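S.K.: Sequence first, predicted model second:
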Amino acid sequence: MTRIARLGIVGGGAWGTTLGLVALRAGTAATVWAREPEVVTGITRDHRNPFLPGVDLDPRLSATAELADLGAADAVLLAPPAQHLRAVCARLAPALKPGTPVVLCTKGFEEASGLLLSQVIAETLPRAVLAVLSGPTFAPEIARGLPAAVTLASADRAVGEALVAALGAPTFRPYLSADVTGAQVGGAVKNVLAIACGVVTGRKLGDNARAALVTRGLAEMLRLGRALGADRESLMGLSGLGDLVLTATSEQSRNMSLGVALGRGERIHDVLAARTSVAEGVATSAAVAKLAAKLGVDMPICVAVDAIVNRGAEIGAVIQSLLSRPFRPEGEQR
């Protein structure tokens, strides 16, 4: 594939805007589409974004309120909230040239269908060439130029290499993979597990309990990944274990901080109402719980999170249920 010189970015939140800065540092032009007119104005005129407080944006970063403007891009990065991806892709489709690489930068499953987000893209942008970018990434740190590494997965190696060249820089290191499924499973499930780790922290259950939860949660991630055809190596890499370590150990994570609030006794509706950002693990937990039941995959921690955040289950009772599960060999795969 020829060089990618211009990137279009769907989503004017913290992550989409940060990806625009990443592209510019790599020498690639970038235009961000944002739904909110004030975000477009902030990026283009003031070089600020309210979703990235305290970060001065590169004046070369452009923004638009028209999705059609991204049709001239050599590749498009998709960074809207997961549950809005289908609608946004449907609107983008008429502007997209056949064969344009589209890079999924959002983590989750579609709640209504239980589909991987790559499957949503395949249905709505069937003429596009898919890639996935995922890994341990807090947007404010990357926006400020701090170092990070990610997985960039594509079944088309030439497209993957062109995207690495368009985004890679000394402080932003994409590692190429062919496992599109694995890159998604890790990034989605870790958000659910981060809520659980937050609950452990909020309830002051201790570091031992959190370490156990991360480890057993990783086992759940591996079981689901295996059922969906993902490679174990991918889930033990940046987009799986790496992302889980980050989001399960820092309250910078929107999902972990949500869990902390719940563990301290706050109500889910109050916590969500007070936020402008999306904790993807809430909707993803429902989708994962349904998918696990459909596939016969044992995922008790993810099911417990779904019960707490979506079904009104009492946290103490859920924790007691998890601690009362039968003992079994550690390596048993069920």
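M.R.: Noted; the coordinates are in hand.
S.K.: Surely residue 37 touches residue 66?
M.R.: No: Residue 37 is beyond contact range of residue 66, at 11.3 Å (criterion: Cβ atoms under 8 Å). All C-beta spots, glycine's among them, are computed from the backbone N, C-alpha and C.
S.K.: What ranges does the stretch 101-250 of the chain have for its helices?
M.R.: Assigned by DSSP state H, counting those that start in this stretch, the helices in the stretch 101-250 of the chain fall at 117-124, 139-143, 157-167, 180-202, 207-228, 232-235, 243-247.
S.K.: any idea which of these is most buried?
M.R.: Comparing the helices of the stretch 101-250 of the chain by mean neighbour count (mean count of other Cβ atoms under 10 Å), helix 180-202 comes out on top with a mean of 28.
S.K.: For it, give the mean pLDDT please.
M.R.: Taken as a whole, helix 180-202 has an average pLDDT of 97.
S.K.: can you tell me which of the helices of the stretch 101-250 of the chain comes nearest to residue 311?
M.R.: helix 180-202 (13.7 Å; Cβ to Cβ).
S.K.: between that closest one and helix 117-124, how many degrees?
M.R.: Interaxial angle of helix 180-202 relative to helix 117-124 (axes from the mean of the first three to the mean of the last three Cα atoms, to 10 degrees): 130 degrees.
S.K.: tilt between helix 180-202 and helix 207-228?
M.R.: Put simply, helix 180-202 runs at 160 degrees to helix 207-228, going by the same axes, to 10 degrees.
S.K.: How far off centre is helix 180-202?
M.R.: Offset of helix 180-202 from its chain centre (Cα atoms, centre = their mean, to the nearest Å): 9 Å.
S.K.: okay, that helix in PDB with CA atoms only?
M.R.: The C-alpha trace of helix 180-202 is given here as PDB (Å, rounded to 0.1, in the frame of the first residue of the first chain):
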ATOM      1  CA  VAL A 180      -7.900  -8.700  14.800                       C
ATOM      2  CA  THR A 181     -10.200 -10.700  17.100                       C
ATOM      3  CA  GLY A 182      -7.700 -10.900  20.000                       C
ATOM      4  CA  ALA A 183      -6.900  -7.200  19.900                       C
ATOM      5  CA  GLN A 184     -10.700  -6.600  20.400                       C
ATOM      6  CA  VAL A 185     -11.400  -9.200  23.100                       C
ATOM      7  CA  GLY A 186      -8.700  -8.000  25.400                       C
ATOM      8  CA  GLY A 187      -9.600  -4.300  25.100                       C
ATOM      9  CA  ALA A 188     -13.300  -5.000  25.700                       C
ATOM     10  CA  VAL A 189     -13.100  -7.500  28.600                       C
ATOM     11  CA  LYS A 190     -10.500  -5.500  30.500                       C
ATOM     12  CA  ASN A 191     -13.000  -2.600  30.900                       C
ATOM     13  CA  VAL A 192     -15.400  -5.000  32.700                       C
ATOM     14  CA  LEU A 193     -12.600  -6.300  34.900                       C
ATOM     15  CA  ALA A 194     -11.500  -2.800  35.700                       C
ATOM     16  CA  ILE A 195     -15.000  -2.100  37.200                       C
ATOM     17  CA  ALA A 196     -14.600  -5.100  39.300                       C
ATOM     18  CA  CYS A 197     -11.100  -4.000  40.500                       C
ATOM     19  CA  GLY A 198     -12.600  -0.600  41.300                       C
ATOM     20  CA  VAL A 199     -15.300  -2.300  43.500                       C
ATOM     21  CA  VAL A 200     -12.500  -4.200  45.300                       C
ATOM     22  CA  THR A 201     -10.700  -0.900  45.900                       C
ATOM     23  CA  GLY A 202     -13.800   1.000  47.000                       C
END
